[in-house]
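K.L.:
only geometry, no sequence info:
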């Protein structure tokens, strides 16, 4: 029976991985890494009862009663308005982004468990029309890291669990922009795309103090991407500039995504009511610049200075058991932006934000349950002046996130 369960779980996980489709959070750190935590404004590290603990705190895996699988999706719509002191108001055209969620925990015995998570903890996406006032900086930008995390957890005592996992990050950096030359054909169009893989680790410690009080700490290491063969493509190039702007050319680049440490705790105020809090500190100072180097055409080299600062987020969440089958959830969070005024670009017009969330869990039967959530991210209006590019104006952004996950326990 155990071998049969392992085989069935493996088939389900493999099928879901094959169907994953590509995919937004101070900086690029998302608030929707699982459906259950997103419904509580991102709190998860000190709760430990959900299968997504394989990502949020793998030290809690062995304290779960059953082996579980969860698969879901997050839909995000983002709208940004940019007000220029010279060109007036422009609205972005970003539209909808889709991110997959997949978590699995298999209990080897009462003291050991293995797990797998696939989600998108880093993501930003922004699209502006081709002729807007900042088209020479960006027209479209996508930055994403999908993380695959196999994990092992062990209980070192009746109350303490430790989990550690490897992280395999699949990164993509894509942007289009108008190049700084005009011709009778109009601006030259440039597109730049790089894909790379980075490796890191995740470590979690969970303290199951009692039936009422739990706490934990989770650490995810920084991720370093080195890309040797990015693809650049130029179009609408007049014959006189074809040497300076070849149709296709390769470039190299490198960048780092930050380490993240989260401490959290939860407490059962009553049999029905759970309250939780998370504090996250993100080491964004490693994301200092993006250099694009063209070995065969050094005149095309350019650098985007990021100069991100370390940031924090504070999250509060709660859940209430209405009945044996229905749980409602909610939360509020404050997310501090790591992006300084002097280097902020319209590819990620970030600012401090408040996050409000609602959601719940419905048990369809003894084995199957459904998580749903809605999340509103309200960015503070921000007026900035990028001194290097001499690009000034104010940004206002609203993000709506919707999510659904189906959970199966065995």
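P.N.:
Right, received. Where do you want to start? Quick caveat: nothing in here was measured; it's all calculated off a predicted structure. Residues are numbered from 1 along each chain as shown.
K.L.:
what's residue 221 in contact with, if anything?
P.N.:
For residue 221, the contacting residues are 167, 200-202, 259, by Cβ atoms under 8 Å, 6 or more residues apart in numbering. In short, each C-beta sits where N, CA and C put it, glycine included.
K.L.:
gap between it and residue 160?
P.N.:
As for residue 221, its distance to residue 160 is 22 Å (criterion: Cβ to Cβ, to the nearest Å).
K.L.:
hang on, the earlier thing: just the buried ones from the contacts of residue 221, in ChimeraX syntax?
P.N.:
A single ChimeraX command selects the buried members of the contacts of residue 221 (16 or more other Cβ atoms under 10 Å):
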select :167,200,202,259
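K.L.:
which of the contacts of residue 221 fall in strands?
P.N.:
Judged by DSSP state E, the subset of the contacts of residue 221 located in strands is 167, 200-202.
K.L.:
which two of those lie the greatest distance from each other?
P.N.:
200 and 202 (7.5 Å; Cβ to Cβ).
K.L.:
overlap of the contact sets of these two?
P.N.:
With Cβ under 8 Å, 6+ apart, residue 200 and residue 202 have common neighbours 166-167, 220-221.
K.L.:
I'd like those as TSV, with distance to residue 62 and pLDDT appended.
P.N.:
Output for the shared contacts of residue 200 and residue 202, formatted as TSV (distance: Cβ to Cβ, whole Å; pLDDT from 0 to 100):
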residue	distance to residue 62	pLDDT
166	18	98
167	20	98
220	20	98
221	22	98
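K.L.:
most widely separated two among those?
P.N.:
The most distant members of those, if one measures by Cβ to Cβ, are 166 and 220, lying 11.3 Å apart.
K.L.:
still on that earlier bit, so which of the shared contacts of residue 200 and residue 202 comes closest to residue 111?
P.N.:
residue 166 (21.0 Å).
K.L.:
next up, the contacts around that closest one.
P.N.:
So residue 166 contacts 149-151, 199-202 (Cβ under 8 Å, 6+ apart).
K.L.:
what do you get for residue 104?
P.N.:
Applying Cβ under 8 Å, 6+ apart to residue 104 gives the contacts 9, 13, 51, 54, 68-70, 115-117.
K.L.:
let's have the ones in strands among the contacts of residue 221 in TSV, adding distance to residue 43.
P.N.:
Below are the ones in strands among the contacts of residue 221 laid out as TSV (distance: Cβ to Cβ, whole Å):
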residue	distance to residue 43
167	22
200	23
201	23
202	18
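K.L.:
and which of the contacts of residue 104 is nearest to residue 407?
P.N.:
Nearest to residue 407 among the contacts of residue 104: residue 70, at 4.5 Å, using Cβ to Cβ.
K.L.:
where's the closest one relative to residue 103, distance?
P.N.:
Residue 70 sits 5 Å away from residue 103, going by Cβ to Cβ.
K.L.:
now do residue 221
P.N.:
Counting by Cβ to Cβ, the gap from residue 221 to residue 103 is 20 Å.
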